[in-house]
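Q: Starting from these lines, generate the structure:
(3 chains)
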Amino acid sequence: MSKLDSKIPPGPIDKKWTYHKGHMRIVAPANKRRIDVIVVGTGLAGGAAAASLAEMGYNVKAFCFQDSARRAHSIAAQGGINAAKNYQNDGDSTYRLFYDTVKGGDYRAREANVHRLAEVSANIIDQCVAQGVPFARDYGGLLDNRSFGGVQVSRTFYARGQTGQQLLLGAYSALMRQVGKGAVKMYDRHEMLDVVIVDGKARGIIARNLITGEIERHGAHAVLLCTGGYGNVFFLSTNAMGSNVTAAWKAHKRGAFFGNPCYTQIHPTCIPVSGTHQSKLTLMSESLRNDGRIWVPAKLEDAKAIREGKKKGSDIPEADRDYYLERRYPAFGNLVPRDVASRAAKERCDAGFGVNKTGEAVYLDFSAAIERYGKLEANMKKIENPSKEKITELGRAVVSEKYGNLFDMYENIVGENPYDHAMKIYPAVHYTMGGLWVDYNLQTTVPGLFALGEANFSDHGANRLGASALMQGLADGYFVIPYTVGDYFADDIRTGPIDTKRAEFDAAEKEVTDRINHFINNKGTKPVDEFHRRLGKVMWDKCGMARNAQGLQEAIAEIRQIREEFYRDVRVTGKANEFNQELEKAGRVADFLELGELMCIDALNRNESCGGHFREEYSETEGPQQGEAKRDDANYAYVAAWEWTGDAGKANLHKEPLTFEEVKLTQRSYK
Amino acid sequence: MALTGLFLVTFLVAHLAGNLQLLDMSPEGQRKFNEYARFMTTFPLVKAVSYLLYFSILFHAFDGFLLTIQNRKARPVKYAKENAGANRSWASNNMALLGTLILVFLVIHMKHFWYEMHFGELPIVKDSQGQEMKDLYTIVAAAFTQLWYVALYVVMMAVLAFHLLHGFQSAFQSLGINHARYTPIIKSVGVFFAVVVPVLFALIPVWMFVNR
Amino acid sequence: MGNMKLTLKIWRQNGPNDKGRMENYPVNDVSEDMSFLEMLDVLNDQLVREGKDPIAFDHDCREGICGMCSLFINGEAHGPGRGITTCQLHMRKFKDGDTIYVEPWRSAAFPVIKDLATNRSAFDRIQAAGGFVSVNTSGNLVDGNAVPIPKDDADKAFDAATCIGCGACVATCPNGSAMLFTAAKVSQLALLPQGRPEAKRRALAMVEQMDKEGFGNCSNTGACEVECPKGISLEHIARLNREYLAASVTKE
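A: Okay, the predicted model is just below:
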């Protein structure tokens, strides 16, 4: 018997949110002052939620582990934010944004949530402009748009290559305004280490002051988790070093179901791993695929020679190059969606055609674009019979203007000039579509515990489209939670302040201090990172871009092995009551070691390929789509929501069936 | 700092214009200089401006001193290694030192000439109308027969040059005047000013020493 | 692995009340592909295995945008190289046998927490004093295109808004001034019509808070502009000066 109630409002899809807003209970201004709310995480979702709730009159406590709310990893998003404004008059609409998102997610998202997201998308832009977010504008002074992968309209708003930064700083400034007014109490350098449940409701958290090591109790009438994704379970990802699953995982262990943990997004254009010292991977904007052509050598011996340093990419004649995306997907070519491009790169490298020392890289080549732009420039400048050098010079200038900052970044990291030598790229973990299961109100299966942004599972199904993560974070924080949480609080106006001296707080705090003391007192020999790296390698090799049943079973066994060793042999230096970064990492890796197993279990359970989840056993074996992902709508059109039962290996599966009333399920084809 | 600094800059121009008369060492030139000196110490409007000048010097020095104290407090622990040359000019990094040197020089300078002119027992000469006036010229000429004194002036003008090199353009920035088109011009004028004015000032003692 | 051997001179300080000192650490096997922070990871790995206290330093995104990493390396904020943060500094900028000084940001307003990590909350308080537009969340604000903004203004506002709040400007300024940080926010919002209604109040309030925090005074050395990883221009400080002067003179 499933306990899942998605609470989707009645009515036609485009009226549900309006209906719901009109029928939810609200809290009167005088009563809002009696309500305390905790917001964990200060990224787009958390920053926006904390600011909005404080504006409404609630007492807000906001927490982040960074030294300032402004540093949440939303800041690193480059490309842009989608909104159905239709400023370009290219036929965009709320419905089309809704449709593209459901299709892009490979039909594994909840229709009602996605439609609401599309509805509020336009408000986000208005809100951000009013806050002083400096979006790109055209010469008429109006907002500019660009197009992004997987859609046919220009609906992406951007601020050069730093859209996430600008949106986050907008939310941060709104948050700081409330901090200045005293409406939000800000706890930076604080890490939430447990959620406290009283009478079945989330009533507070246990947090560690990262500077002093002090364990603190904070009570509230509701707890909002806006703690981002868990891509760092792979050790190497484009996430920040501190990004972690701890808050969400502790909530999971206190009763919140975890939705679709196996859905991870692997971004195709990242700078490849250069050595064993690597601590993180750097994304290169997807926009590079507009002009760059992706290829590997067609001959194995050429690939081998390149790996050994005997040949360079430029030595390979045109005829011996395999532009595999253009070959396999003539209609979309280099602009296929992220999951497809990533898998194709892996397929070539696994077959032995990779081009750097590690064998895990493909070329992203701008020489054709340089030549094409060079000729166009020469024409425009009326240069007759331009020399090859002149064309290259002119073409480089154009490419530099469009992508100069990315090329500089590449050269800085790799130490090779990408104008002279084709860039080398490889896919890397980037985003996690899975997360805490939430209903239409963004409430988890624990009453009073809400999850927003990347921390929840809700809107992107099995694959997220570019420029949609920022949209979801801000939609949840600015325009959804302020309404839905009010409905929950309507029962709490007479509750009074939460007493943190209750036995439930004692118990939760004791569990936290016991965990910490275990690490501090453990007489192990190996640093935390060593276990994290090992876990990451298992996850990447066996639960990464392509998965199969055998590999997943092996991974589960290996993760258990690593976890057992970790608790036995990890060495955490220093003390509990001081600034101790090793201790912080230990707690996070402990949770990744449990989450990793659940991800494998979920991937093993899902006997189909959809979006970012590709099971090698489930691909088209014949016909024009041969080798492509094969979905199984009859058996797997559901959200897998896992319930903790006390053992990482024995989670209980609950299914929320996905019904599609608006969008017809079809196969995604990019041929 | 910026306002008083810019005022002092304009004073430098006026001062230089007057002092360049010293280059004419003929009896006629000497007389003209003494007449000029008398005018500068007696004409009411000039007197009024001179009080503003004294105030500006004192304010500029005092404010600079205060800011320097505050700035030192803002970094209680110094860096073990600091590569100042990588990101700022030597002059901008040493404005307090340069300013202090200039202040010390001013005291010496004013003691020698300003104080003597106002309160000292100077020889008396006749002007073109036959009236008596103080002979500042002779005092100046006598002073610049001493090599160490000339050297002091030359060195101090170099100090002033560096102070101006940063100070001139910095004053505009402090007042909020920064424009893609005009700031490069301001900076060029600043460099020109910082070089030419001290060089001309330094020329006077050297010239007088050579022609003593 | 790598082939460089380096000597690091690193500031160690147990806590805010400890006096602190420079200590020497040899590091071997440094590869030129490593980032500076990855080189410190290697050192810390070694220290933990030896049971010693690893070096505390702040870092997060490791791609030059979060502003969490700091470090004064060989006498410069974020080390040698322009337009980068410490996490973007790669070891190929150094040579085998080099001695490298690593110190925390030095500012009375940024007290050391431990070793190389400092507390930069002063920046948050400056921001909270006025670095915002007073607009509540609302689903029915005016349309984003209702007020056209000249592209040049929007671009300049963006240039100012790219500040990552790392504190390199303070660390590098011989006076420990936070003018570039404060100016970036004041200037961004002063350039946009949405920010104009509060421009005077904002300039006064943010400067007042800045002074209260114990930062030094700007003497226009321009060092901040050179070391700023985002290349924020002194032009913004001039704009702050303009806004502040005008607001001071006209306030009632």
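
Q: and B:Q173, what does it touch?
A: Counting by C-beta atoms under 8 Å, 6 or more residues apart in numbering or on different chains, B:Q173 touches C:220, C:234, C:237-238, C:241. To be clear about C-beta, it is placed using only N, CA and C from the backbone, and glycine gets the same treatment.

Q: and the strand or helix carrying A:W295, what does it pack onto?
A: Per DSSP states H and E, A:W295 falls inside strand A:293-297. Applying 3 or more C-beta pairs under 8 Å, 6 or more residues apart in numbering or on different chains; DSSP states H and E, we find strand A:293-297 packed against helix A:300-307, strand A:321-322, helix A:324-328, helix A:338-348, strand A:362-365.

Q: Kindly format the C-alpha coordinates of it as CSV.
A: What follows is strand A:293-297, C-alpha atoms only, in CSV (Å, rounded to 0.1, in the frame of the first residue of the first chain):
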residue,chain,number,x,y,z
ARG,A,293,32.4,19.9,-34.3
ILE,A,294,32.9,16.8,-32.2
TRP,A,295,35.1,14.0,-33.6
VAL,A,296,37.5,11.2,-32.8
PRO,A,297,40.0,9.5,-35.2
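
Q: In terms of pLDDT, where does A:S669 sit?
A: A:S669 is assigned 78 on the pLDDT scale.

Q: A:V362 too?
A: pLDDT, read off for A:V362, is 97.

Q: for A:S2, same thing?
A: 54.

Q: do A:P624 as well
A: Note for A:P624: predicted pLDDT of 84.

Q: For burial, what's the neighbour tally of it?
A: Around A:P624 there are 8 other residues, counting by other C-beta atoms under 10 Å in any protein chain shown.

Q: Relative to A:G149, how far out is it?
A: Using C-beta to C-beta, to the nearest Å, we find A:P624 at a distance of 22 Å from A:G149.

Q: and the longest helix seen in chain C, what does it pack onto?
A: When chain C is parsed with DSSP state H, its longest helix is helix C:235-250. If contacts are counted by 3+ C-beta pairs under 8 Å, 6+ apart, helix C:235-250 sits against helix B:147-174, helix C:179-191, helix C:199-212.

Q: related to what we said a few turns ago, now the buried members of the contacts of B:Q173.
A: For the contacts of B:Q173, a burial check counting by 16 or more other C-beta atoms under 10 Å in any protein chain shown picks out C:220, C:234, C:237-238, C:241.

Q: May I see those residues organised as JSON lines, with pLDDT added?
A: Putting the buried ones among the contacts of B:Q173 into JSON lines (pLDDT from 0 to 100) gives the following:
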{"residue": "C:N220", "pLDDT": "97"}
{"residue": "C:L234", "pLDDT": "97"}
{"residue": "C:I237", "pLDDT": "98"}
{"residue": "C:A238", "pLDDT": "98"}
{"residue": "C:N241", "pLDDT": "98"}
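
Q: Would you point to the one among the helices and strands packed on helix C:235-250 that's packed deepest?
A: Most buried of the helices and strands packed on helix C:235-250, by mean neighbour count (mean count of other C-beta atoms under 10 Å in any protein chain shown): helix C:179-191, with a mean of 28.

Q: which residues does the closest residue to chain B within the stretch 151-300 of chain A contact?
A: For the stretch 151-300 of chain A and chain B, the shortest gap (C-beta to the nearest C-beta) falls at A:I211, measuring 19.2 Å. Each residue near A:I211 by C-beta under 8 Å, 6+ apart is listed here: A:189, A:579, C:113, C:119.

Q: number of nearby residues for B:K78?
A: Using other C-beta under 10 Å, B:K78 has 10 neighbouring residues.

Q: go on, the one 10 residues further on?
A: Under the neighbour criterion other C-beta under 10 Å, B:R88 is assigned a count of 23.

Q: count of neighbours near the closest residue to A:R321 other than its chain neighbours?
A: Leaving aside its chain neighbours, A:R321 sits nearest to A:W295 (4.7 Å; criterion: C-beta to C-beta, 6 or more residues apart in numbering or on different chains). By other C-beta under 10 Å, the residues close to A:W295 number 26.
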